[in-house]
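> Next comes the sequence, and after it the predicted model I'd like to discuss.
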Protein chains: 2
Amino acid sequence: ARPKVGYVYSKKGQNTLKYKSIKEITVGEIKSKPTVVSEDMSIYDSIIQLFINDTGTLFVENKGYLTGAVSRKDFLKITLGNTDIHKVPVGIIMTRMPNIITITDNESAYEAARRIIEHEIDSLPVVEKVKTEDGKEMYKITGKVSKTTITRLFVELGKE
Amino acid sequence: ARPKVGYVYSKKGQNTLKYKSIKEITVGEIKSKPTVVSEDMSIYDSIIQLFINDTGTLFVENKGYLTGAVSRKDFLKITLGNTDIHKVPVGIIMTRMPNIITITDNESAYEAARRIIEHEIDSLPVVEKVKTEDGKEMYKITGKVSKTTITRLFVELGKE
């Protein structure tokens, strides 16, 4: 989805852009579709999903809730070792909640970028907090913001 | 290296940033150090270099000139197949010049981001054109600009 960005081209200088702060652009406006697999999918099949969807990070769900994430880097490390990637499920190697950095729709694109740089990750899942029947707090995944999303926004902001 | 960005915080609104256009920030100001290996390094050793330098793309040189590039995605594809990664050199699997999208120091950060999005790549080598003794035009690699570089610049621009 193309981000909608409120900017105004200034007539003062050829190269001066004036626009609503990047802190006012929300995650909800720029997020893209996440690729989600289930915990019991094999590592091999998960890598195939990574290629089919041409994405850098897979998010992992169990019963509709976000439980983990796996990056291209994690997969590359695993394929170098002795793990039987056709048998071992992705749930075994993923980074598991609560060790995943997330973001929500109403936070800013700026905050998403800041979190990506601070935590040295490629991608953040966009989540919605929900309470389960037994009162636990869980996350539903509704999108993602990656370095690609931010780079695309940067290009969008510079268009005249 | 921290990008130096000429921006001025506007007093008009809490969230208004006014700064030199992102088209005036040059690649030379924001580029980072590239990880470079030689064509005859094995695929396995190249992947180790990728991890040691925590980078997403390796650039490949022969006799001091840029000859190729290999991404994390390329390596992951290879490790799934039957290639003997301890024996086959990285020069065999790399994307070879002239099929590599490059950029130069005096082009803009904006142009770098635009090229990354347009060509769906993670990283651009920053190059300097040189003439060899026999009159051939070759490239020396002096840095790189990646989605990480652009995301970091985006964060820098938003700092108050």
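Looks like it arrived, so ask away.
> and the residue lying closest to A:Pro34 once chain neighbours are set aside, how far is that from A:Ser123?
Residue nearest to A:Pro34 in three dimensions, not counting chain neighbours: A:Lys144, with 4.1 Å by C-beta to C-beta, 6 or more residues apart in numbering or on different chains. Any C-beta I mention is one placed from the backbone N, CA and C, and that applies to glycine too. Noted for A:Lys144: a distance of 5 Å to A:Ser123, by C-beta to C-beta, to the nearest Å.
> Same check on A:Asn82?
Computed as C-beta to C-beta, the A:Asn82 to A:Ser123 distance reads 28 Å.
> about what we covered before: so between A:Lys144 and A:Ser123, which is more surrounded?
Ranked by neighbour count (other C-beta atoms under 10 Å in any protein chain shown), A:Lys144 and A:Ser123 place A:Lys144 first, with 28 against 23.
> now the strands for chain A?
A:7-9, A:16-20, A:36-38, A:57-62, A:65-71, A:95-96, A:123-131, A:137-146 (DSSP state E).
> Quick one: check the longest helix seen in chain A for contact with chain B.
Of all the segments assigned as helix in chain A under DSSP state H, the longest by residue count is helix A:147-158. Yes. Helix A:147-158 comes into contact with chain B (C-beta under 8 Å from any C-beta of the partner chain), by way of A:147-148, A:150-155, A:157-158.
> Could you export these as CSV, including neighbour count and pLDDT?
Shown next, in CSV, are the residues of helix A:147-158 next to chain B (neighbours: other C-beta atoms under 10 Å in any protein chain shown; pLDDT from 0 to 100):
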residue, neighbour count, pLDDT
A:Lys147, 25, 98
A:Thr148, 21, 98
A:Ile150, 27, 96
A:Thr151, 25, 97
A:Arg152, 22, 95
A:Leu153, 27, 93
A:Phe154, 26, 91
A:Val155, 21, 91
A:Leu157, 22, 85
A:Gly158, 19, 81
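> any chance of these in CSV, with distance to B:Glu29 too?
As requested, the residues of helix A:147-158 next to chain B are exported to CSV (distance: C-beta to C-beta, whole Å):
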residue, distance to B:Glu29
A:Lys147, 19
A:Thr148, 22
A:Ile150, 18
A:Thr151, 17
A:Arg152, 21
A:Leu153, 20
A:Phe154, 15
A:Val155, 18
A:Leu157, 18
A:Gly158, 16
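> Tell me the one of the residues you listed nearest A:Ile103?
Nearest to A:Ile103 out of these is A:Ile150 (C-beta to C-beta; 11.9 Å).
> overlap in contacts of A:Lys144 and A:Ser123?
Residues touching both A:Lys144 and A:Ser123 (C-beta atoms under 8 Å, 6 or more residues apart in numbering or on different chains): A:Thr57.
> re earlier: other SSEs contacting the longest helix of chain A?
Applying 3 or more C-beta pairs under 8 Å, 6 or more residues apart in numbering or on different chains; DSSP states H and E, we find helix A:147-158 packed against strand A:16-20, helix A:27-30, helix A:109-118, helix B:109-118, helix B:147-158.
> now the angle from that helix to helix B:147-158?
In terms of direction (axes from the mean of the first three to the mean of the last three C-alpha atoms, to 10 degrees), helix A:147-158 departs from helix B:147-158 by 50 degrees.
> For helix A:147-158, output the C-alpha coordinates as CSV.
The C-alpha atoms that make up helix A:147-158 are tabulated as CSV, following Å, rounded to 0.1, in the frame of the first residue of the first chain:
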residue,chain,number,x,y,z
LYS,A,147,13.3,-1.0,6.8
THR,A,148,11.8,-1.3,3.3
THR,A,149,8.6,0.4,4.5
ILE,A,150,10.7,3.3,5.9
THR,A,151,12.9,3.6,2.8
ARG,A,152,9.7,3.6,0.7
LEU,A,153,8.2,6.4,2.9
PHE,A,154,11.5,8.3,2.6
VAL,A,155,11.2,8.2,-1.2
GLU,A,156,7.5,9.2,-1.0
LEU,A,157,8.4,12.2,1.1
GLY,A,158,10.9,13.4,-1.5
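> who in chain A is up against chain B?
Checking chain A against chain B by C-beta under 8 Å from any C-beta, the hits are A:13, A:15-18, A:20-24, A:44, A:47, A:50-51, A:54, A:72-73, A:75-77, A:79-80, A:110, A:113-114, A:116-117, A:120, A:147-148, A:150-155, A:157-158.
> Filter those down to the buried ones.
Among these, those buried by neighbour count (16 or more other C-beta atoms under 10 Å in any protein chain shown) are A:17-18, A:20-24, A:44, A:47, A:50, A:72-73, A:75-76, A:79, A:110, A:113-114, A:116-117, A:147-148, A:150-155, A:157-158.
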